[in-house]
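Asks: with the sequence up front, the predicted model follows.
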Amino acid sequence: QALEDGADFVVGPLLQESVNNLAKKIAFSVPVLTLNSLDNDESLIRMYQFSLSSVDEAISTSNKVIIDQNKIGLIIAPDNEWGHRLEEIYTTTLESMGGVIIESQFYNQNEKDFSSELKELLEISLSEKRYNRLSANLNEDLSFSPRRRQDVDFIFLVAADTTSGKLLKSQLNYHLSGDEALPIYSTSTIYSYNTNLDDLNGIIFTDAPWVIDQQIWLKNLPTTLRKYWPGDAIQSRQNAMGYDAYFLVAAINSLKNYSMQELNGATGQLYMEKDGRIRRRLAWAKLINGVPVVQKKHAVKQ
């Protein structure tokens, strides 16, 4: 209908199912910028895919890990399709940058006690078994402090939301107490405007510049939108996506040989892959006293 009405550029649709259906039914005679991605690796001429993808967050987090000179890590993630997919993407991406994930542990996000999963991941359960065996052999109680594994540099914590992130971080603090601190990295899902984040102090996470690192050229737009249309960080990310989609129209119309000049966007530094997918390099912040403090920006060449 849009084409019949004379449109020479189409933005949308938003839902992944709609994007999948559109790709099956239409041969694109004008550029189309979808606001979600296909659920496969298919690419179509004149179809450009732009989304707030977890893949971009995994790549940005891997970048930050390597910049911080950490290479060997652990992953704790939800035991669902999203958690397993992100674990796979993160593992593959980190390996491409010279790092390695030596163990992953999955948890039921409907539970509140993750002690068994964390103790298994940190090999504290092995330390306890050694103590029990030694105590039984000597037939006496011994002074004992469990010791975590010493062969890792960091933990990547995948939380479905702020609540599960706070539970996991609090329990990690307990199991890591008395030992040298391990850096903990996460995604934007842990961050919220409307919740006290003190329990997440120390976590380094990635998010859209609009949310945690407002650029001068954005002026007071994010703050103004929050004032009149209050919501949580997820609404701000969607606002940023709309802002970037507007400027991507001009950028895509100016393509030369399917190559797009990088765009300093509200959702991140935007660049286009050969298949027409728009990727984002995001901002990083560390939670200090419950407030995100922006980290230095340096990119790792891939």
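Replies: That came in fine, so what should we check first?

Asks: under the pLDDT cut-off, which ranges of this structure? List them.
Replies: Applying pLDDT under 70 to the chain flags the ranges 125-146, 178, 297-302.

Asks: OK, contacts around residue 275?
Replies: Taking C-beta atoms under 8 Å, 6 or more residues apart in numbering, we find residue 275 in contact with 41, 43. For glycine as for every other residue, the C-beta is placed from the backbone atoms N, C-alpha and C.

Asks: shouldn't residue 72 be in contact with residue 153?
Replies: Yes: counting by C-beta atoms under 8 Å, residue 72 does reach residue 153; the two are 5.0 Å apart.

Asks: for the stretch 1-150 of the chain, which segments count as helices?
Replies: All helices of the stretch 1-150 of the chain, identified by DSSP state H, counting those that start in this stretch, fall at 16-25, 54-67, 81-96, 115-121, 124-138.

Asks: so for residue 265, which of those sits nearest?
Replies: Each of the helices of the stretch 1-150 of the chain was scored for nearness to residue 265 using C-beta to C-beta, and the closest is helix 54-67 (11.4 Å).

Asks: give the other helices and strands that that closest one contacts.
Replies: Under the contact criterion of 3 or more C-beta pairs under 8 Å, 6 or more residues apart in numbering; DSSP states H and E, helix 54-67 touches helix 81-96, strand 154-157, strand 184-186, strand 204-207, strand 277-281.

Asks: check which helices and strands the last one is in contact with.
Replies: Right, the one you point to is strand 277-281. Counting by 3+ C-beta pairs under 8 Å, 6+ apart, strand 277-281 packs on strand 47-50, helix 54-67, strand 269-272.

Asks: over to the shortest one?
Replies: Under the contact definition 3+ C-beta pairs under 8 Å, 6+ apart, strand 184-186 sits against helix 54-67, strand 154-157, helix 162-176, strand 204-207.

Asks: run through who's touching the second one.
Replies: Spelled out, it's strand 154-157. So strand 154-157 is contacted by 61, 65, 68, 70, 72-76, 90, 101, 165, 168-169, 172, 182-186, 190, 203 (C-beta under 8 Å, 6+ apart).
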